[in-house]
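**Student:** Fold the following for me, if possible:
(one chain, ligands or ions: 1)
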Amino acid sequence: MSQVVAIYPGSFDPLTNGHVDIIQRGSRLFDRIVVGVLINLEKAPLFTVPERVAIAREVFSEWSNVEVDTFDGLLVEYAGRKGAGVIVRGLRAISDFEYELQMALMNRRLDRNVETVFMMPAEPYTYVSSRLVKEVVALGGSVHGLVPDVVEARLREKKLARNILKA
Ligand code: PNS
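**Tutor:** Next up is the predicted model:
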């Protein structure tokens, strides 16, 4: 029987518990889920791509059907290379919908064999985003419970390093 492989693409800068929730749901639904960390040379990320990959691999070390990988170029071409017929995206609120609809329809136009599947995270994560996590940490707030422990620790290290550099 053929296996259903899904790609869960994103920036993951950093990985949040909302992402973790979607990956866990995907791993129960599909035979294999590949977390595809986008190599985006234009953005100025907080975490490097290798750091983001290492974090996700640590969080999912016990999940045998979760793979963490990187990609650049077109997502549908990457999906093809991985033998994936599904793209998973999380939908938190109506505000996500327009951007996600555009991407899903563009990806369908590029490859009609790749289907986008949207999943809702658990309610406590519906307002969590990587951008807000970074903002809260930069301004001295707590993100405990919103990101994996390893991410919280790395955020603290980054903040300390930045404060030392500023001093
Ligand atoms: O976590 P993000 O930043 O919302 O993820 C965006 C991502 C990685 C899904 C999107 O930027 C993407 O798919 N980039 C690959 C380039 C691509 O295929 N573009 C055309 C399809 S819309």
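**Student:** contacts, neighbours, all on C-alpha from now
**Tutor:** OK.
**Student:** who's in contact with the helix or strand bottoming out on mean pLDDT in the chain?
**Tutor:** When the helices and strands of the chain are compared on mean pLDDT, DSSP states H and E, helix 149-166 comes out lowest with a mean of 84. Outside helix 149-166, the residues within contact range by C-alpha atoms under 8 Å, 6 or more residues apart in numbering are 14-16, 55, 59, 137-138, 143-144.
**Student:** Please compute how far it lies from its chain's middle.
**Tutor:** Relative to its parent chain, helix 149-166 has a centroid offset of 20 Å by C-alpha atoms, centre = their mean, to the nearest Å.
**Student:** which parts of that helix are buried?
**Tutor:** Residues of helix 149-166 classed as buried: 151-152, 155, 158-159 (neighbour count, 16 or more other C-alpha atoms under 10 Å).
**Student:** How about stretch 82-99?
**Tutor:** Here stretch 82-99 shows 84-92 as buried, counting by 16+ other C-alpha under 10 Å.
**Student:** Spell out which residues of the protein are next to the ligand.
**Tutor:** 9-12, 38, 73-75, 103, 106-107 (C-alpha under 6 Å from any ligand atom).
**Student:** From these, which land in strands?
**Tutor:** 9-10, 38 (DSSP state E).
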